[in-house]
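*Asks:* Coordinates for the following, if possible.
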Amino acid sequence: MCRQSTPETFCLTIEAGQTQDKPDEGLVAAAKTGNFGVVRLSFKCSYHKIKKLILIWIQKICILIDQKRKDVRFYNYSLDFENKTECYIEHFIRDLNKCRNNPAGFAQIIEDHMQYIEQSQDSNDPNPYYYVRLNMPKVALNRGPEAFKETADRLRNTTRMGKVELKHDLEIPISECHDQWGNKDYIQDQLHHFKDLNKKTRNYKHFNFFFDLGSPYAEASLVLQLVDDSPFKGSRSRTLLNPSFNYVGISSQRLKNKHCGYYLFANK
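*Replies:* Below you'll find the predicted structure:
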């Protein structure tokens, strides 16, 4: 049976404006009518459903702008949450920017997490090591302590880089069915919808997406992605520490002690 996420309340703001004006000058348009003004709508439904509704609505708005108002372009949209369920995302961004701003300092945090590495006692286990903590699934590791130490050493020799900014229009919706969280067809379909939207909005140029099934603790999640002692072979770590990416959208879902995160990095 599909376990669904808890309904939440959202406030959506649509931003648009005349092309010769800057979006921060307060020109927020109701594109359906072509009139300028603030558009704020409140919803109460699951996170997945609201994201699907927004993507469909924004696509329609962009088409209407192209057809009826050549002097208006869509800028962005934002979602504000009326509860604190986005705690994981806030903490993940905070810790990621801490690492990017001071990689050498974050190296000690990587080494501190080595205390959670356990060696498998099963001689037939294909995974020699596991990252083990309470209230989260065990995470299989290939090289264990060696990979953590290498990551810490690499961070000590990494140049500081700029922060990443959280962008809600880069969020890729996660399926409400937890058994679909890692489904490649579902993910590719959502990325395809995003790329179609970006062709209209022209907000971003380059992208890199990855997902993570693991720790609901933001710091542990980030550490494991930076170490990337997994079949991803370092691709997630390279994205997280890529100085050319300065924007990211993060979607987060949790079912009991299991957590899913979708991460889309981009630049303009």
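*Asks:* so where does residue 249 fall, helix or strand?
*Replies:* With secondary structure defined by DSSP states H and E, residue 249 is part of strand 247-255.
*Asks:* Quick check: mean pLDDT of the next helix or strand after that strand?
*Replies:* Tracing the chain past strand 247-255, the next element assigned as helix or strand by DSSP H and E is strand 258-267. Average pLDDT, strand 258-267: 94.
*Asks:* in the strand or helix carrying residue 193, what counts as buried?
*Replies:* Using DSSP H and E, residue 193 falls within helix 184-201. Neighbour counts using 16 or more other C-beta atoms under 10 Å place 187, 190, 193, 194, 197, 198, 200, 201 of helix 184-201 among the buried residues. To be clear about C-beta, it is placed using only N, CA and C from the backbone, and glycine gets the same treatment.
*Asks:* Over to stretch 238-251?
*Replies:* Residues of stretch 238-251 classed as buried by neighbour count (16+ other C-beta under 10 Å): 239, 240, 241, 242, 245, 246, 247, 248, 249, 250, 251.
*Asks:* and which of these is nearest residue 159?
*Replies:* Here the nearest of the buried residues of stretch 238-251 to residue 159, counting by C-beta to C-beta, is residue 241; it sits at 9.8 Å.
*Asks:* Give me the secondary structure label for the residue lying closest to residue 147 once chain neighbours are set aside.
*Replies:* Spatial nearest neighbour of residue 147, excluding adjacent residues (C-beta to C-beta, 6 or more residues apart in numbering): residue 229 at 3.8 Å. Three-state call for residue 229 (DSSP: H, G, I helix; E, B strand; the rest coil): coil.
*Asks:* Could I get the pLDDT score of residue 229?
*Replies:* pLDDT recorded at residue 229 is 94.
*Asks:* Restrict stretch 234-251 to CA atoms and write it as CSV.
*Replies:* Taking Å, rounded to 0.1, in the frame of the first residue of the first chain, the C-alpha atoms of stretch 234-251 are listed here in CSV:
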residue,chain,number,x,y,z
GLY,A,234,32.0,10.4,-6.2
SER,A,235,29.5,12.1,-8.6
ARG,A,236,27.4,13.5,-5.7
SER,A,237,30.5,14.9,-3.9
ARG,A,238,31.7,16.5,-7.1
THR,A,239,28.3,18.2,-7.6
LEU,A,240,28.1,19.4,-4.0
LEU,A,241,31.6,21.0,-4.2
ASN,A,242,31.3,22.3,-7.8
PRO,A,243,31.9,26.1,-7.5
SER,A,244,30.0,26.8,-10.7
PHE,A,245,26.7,25.7,-9.1
ASN,A,246,25.2,28.4,-7.0
TYR,A,247,21.6,27.4,-6.9
VAL,A,248,19.9,24.2,-5.6
GLY,A,249,16.4,22.9,-5.2
ILE,A,250,15.9,20.2,-2.5
SER,A,251,12.8,18.0,-2.0
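*Asks:* Could I get the buried residues of helix 184-201 in TSV, plus columns for distance to residue 175 and pLDDT?
*Replies:* What follows is these, written out as TSV (distance: C-beta to C-beta, whole Å; pLDDT from 0 to 100):
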residue	distance to residue 175	pLDDT
187	9	95
190	9	95
193	13	92
194	15	93
197	19	88
198	21	89
200	24	85
201	24	84
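*Asks:* about what we covered before: angle of the helix holding residue 193 against strand 247-255?
*Replies:* On the basis of axes from the mean of the first three to the mean of the last three C-alpha atoms, to 10 degrees, helix 184-201 is oriented at 150 degrees to strand 247-255.
*Asks:* what's the angle from the strand holding residue 249 to strand 258-267?
*Replies:* Following the same axes, to 10 degrees, one obtains 170 degrees for the angle between strand 247-255 and strand 258-267.
*Asks:* now what about strand 247-255, what contacts it?
*Replies:* Here strand 247-255 makes contact (C-beta atoms under 8 Å, 6 or more residues apart in numbering) with 3, 5, 47, 51, 86, 88-89, 92-93, 96, 164-174, 178, 181, 204, 216, 259-268.
*Asks:* No further questions, thank you.
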